[in-house]
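>>> how would this look folded up:
(one chain, ligands or ions: 2)
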Amino acid sequence: MTIKGLTQGTPPSLGLQGAHLGSYSNDDRKAERMKKGTPGFTLVDYAFRDAALTTAQASHSGRGQMNSGFYSWSPLGVTNKPEGIQKWEASPEEASRVLTKAARYYGAVDVGFCDLDKRWIYSHTYDGRPIVFEDVDEGYVTREKAVLPNSHKWVIAITVPMEVEEMMYSPAALNPVSSMGYSRMPVVAGSLAEFIRGIGYHAIPCGNDTALSIPIAVEAGLGHVGRQGRLITWKEGPMVRICKIFTDLSLTPSPPAPKGIIEFCEVCEKCAKHCPSNSIPLGPRTYEGYSEANNPGAYKWYCNADTCLGYWREMATSCAICFRVCNFTKPPGLSHNVVKWFIRNIPQLNRFWVWADDLMGYGKMADPKEYWQKP
Ligand code: SF4
Ligand code: SF4
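Ligands and ions are numbered 1, 2, ... in the order given. Purely as a prediction, here's the structure:
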């Protein structure tokens, strides 16, 4: 069976994913690191990390390659609603429940829903084509523009997991978790989009492309924006990647995530203190960003993406120290759940938990020499 769309969409000549990868981790930089012989930066470690991106890259989905691979804006032809069968009719509540169940089966950690706010949509594609809305049933992308249908008024925010154990080797190359997350995203978003098409509706699955993922995830109740500028969830902390789907299937907005994460970040500052490029601010939130990579006007902590990327180039990896040291980066466990209960309910103890986290030695870099010896 031929699956439509796997090689369609963004023209290959644009090379979006390759261009981004090459910007901080091309072969020359990797070879330099390997020659230095630093543990965690060996040929084996880089190959381990890079191979985790196999599903994303080999399916032409990348980190969010618009309208390509599993992120195709057109049906892939995997599900087909037979002629003469009416589309599935359900209340928004029931549709939300069914989609949540399906998304979790396909590999989501969490799922939330919200109404579309057009301010989240990027003004342009990565290569400068405008993204516009039109009265059409199905979204499409041409060499001139990307068109989202006005009927796609609902957004599904989906998180996929990243592993805590491997994250502890950051900023070494021995950290495949982001790449593995990018490989999980198109599988979950693409499968759920095809499921929605199979019941008679339209769906536009996206990775990092087309719209800002973090405000969508926050609005869909999956978490809050932490000091490091990433989504922090109660269940997995920052250890998730986000994908999303725009659809004309009516869905019920999810309730906001419980408060407490931002209040904790206000007293914590651990990521800011450990960031090697000083890209994460100390002190209170602001409305101002650092560069055109920031979107000013929201009251939050702005990460300086330019200096962050500069450090990625220096290391020839995507760093992620701020993920490693975050107090919310913890494996599942009763004791961590108890601490989170206190953070949610008795914020007066937050400083104590920050102190205790350091005392327990959480967030220290693990020894890369030991990883491959472990069973
Ligand atoms: S990825 Fe590294 S350099 Fe970038 S903000 Fe996080 S700690 Fe700083
Ligand atoms: S390290 Fe602390 S301040 Fe930074 S995001 Fe995590 S909890 Fe918030």
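
>>> Next to ligand 2 in this structure, residues from the stretch 151-300 of the chain, please.
G226, R227, Q228, I232, F264, C265, C268, E269, K270, C271 (Cβ under 6 Å from any ligand atom). Glycine gets a C-beta too; all of them are placed from N, C-alpha and C.

>>> try 5 Å
G226, R227, Q228, C265, C268, K270, C271 (Cβ under 5 Å from any ligand atom).

>>> give me the number of residues near R344?
15 (other Cβ atoms under 10 Å).

>>> do the same with the one 5 residues further on
Neighbour count of L349, defined by other Cβ under 10 Å: 13.

>>> my guess is it contacts F342, does it?
Yes. In terms of Cβ atoms under 8 Å, L349 counts as a neighbour of F342; the distance is 5.4 Å.

>>> List the contacts of D357.
Counting by Cβ atoms under 8 Å, 6 or more residues apart in numbering, D357 touches K270, N327, G363.

>>> how about the residues you listed in TSV, adding pLDDT and secondary structure?
Converted to TSV, the contacts of D357 look like this (pLDDT from 0 to 100; DSSP: H, G, I helix; E, B strand; the rest coil):
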residue	pLDDT	secondary structure
K270	98	helix
N327	97	coil
G363	95	coil
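
>>> Highest neighbour count among these?
N327 leads the contacts of D357 on contacts (other Cβ under 10 Å) with 24 neighbours.

>>> where's it relative to ligand 1, distance?
From N327 across to ligand 1, the span is 14 Å (Cβ to the nearest ligand atom, to the nearest Å).

>>> In terms of helices and strands, where is the residue in the stretch 1-150 of the chain that ligand 1 sits nearest to?
When scored by Cβ to the nearest ligand atom, the stretch 1-150 of the chain has Y24 as its residue closest to ligand 1, at 10.8 Å. Assigned by DSSP states H and E, Y24 belongs to helix 16-25.

>>> P331 too?
Using DSSP H and E, P331 falls outside every helix and strand.

>>> repeat for E93
For E93, the enclosing helix or strand under DSSP H and E is helix 92-106.

>>> List the buried residues for that helix?
Neighbour-count burial for helix 92-106 flags A95, S96, L99, T100, A102, A103, Y106 (criterion: 16 or more other Cβ atoms under 10 Å).

>>> repeat for stretch 359-373
Across stretch 359-373, burial judged by 16+ other Cβ under 10 Å covers Y362, G363, A366, P368, Y371.

>>> Now flag whichever of the residues you listed is closest to ligand 2.
Using Cβ to the nearest ligand atom, G363 is the member of those that sits closest to ligand 2, with 7.9 Å.

>>> Excluding chain neighbours, give the residue nearest to that closest one in space.
V325 (3.7 Å; Cβ to Cβ, 6 or more residues apart in numbering).

>>> Spit out the contact partners of that neighbour.
Taking Cβ under 8 Å, 6+ apart, one finds K270, C271, H274, G363 in contact with V325.

>>> And the strand or helix carrying R33, what does it pack against?
Using DSSP H and E, R33 falls within helix 27-36. Judged by 3 or more Cβ pairs under 8 Å, 6 or more residues apart in numbering; DSSP states H and E, helix 27-36 is in contact with helix 43-51.

>>> same thing but at 6 Å, please
If contacts are counted by 3 or more Cβ pairs under 6 Å, 6 or more residues apart in numbering; DSSP states H and E, helix 27-36 sits against no helix or strand.

>>> Just want the angle from it to helix 43-51.
Interaxial angle, helix 27-36 versus helix 43-51 (axes from the mean of the first three to the mean of the last three Cα atoms, to 10 degrees): 150 degrees.

>>> Run through who's touching helix 27-36.
F41, L43, Y46, A316 (Cβ atoms under 6 Å, 6 or more residues apart in numbering).

>>> Which part of the stretch 151-300 of the chain gets nearest to ligand 1, residue-wise?
C275 (3.4 Å).

>>> The closest residue in space to that residue that isn't next to it in sequence: helix or strand, and which one exactly?
Closest residue in space to C275, ignoring its immediate chain neighbours: C322 at 5.8 Å, by Cβ to Cβ, 6+ apart. Per DSSP H and E: C322 is located in helix 321-325.

>>> is that helix up against ligand 2 anywhere?
No. Figure legend: helix 321-325 not in contact with ligand 2 (Cβ under 5 Å from any ligand atom); closest approach 5.7 Å.

>>> Next SSE downstream of that helix?
helix 334-345.

>>> Which secondary structure elements does that following helix sit against?
Using 3+ Cβ pairs under 6 Å, 6+ apart: helix 334-345 touches no other helix or strand.

>>> So that helix, near ligand 2 or not?
No. Figure legend: helix 334-345 not in contact with ligand 2 (Cβ under 5 Å from any ligand atom); closest approach 9.2 Å.

>>> who's in contact with that helix?
P258, G260, F264, K330, L349, W353.
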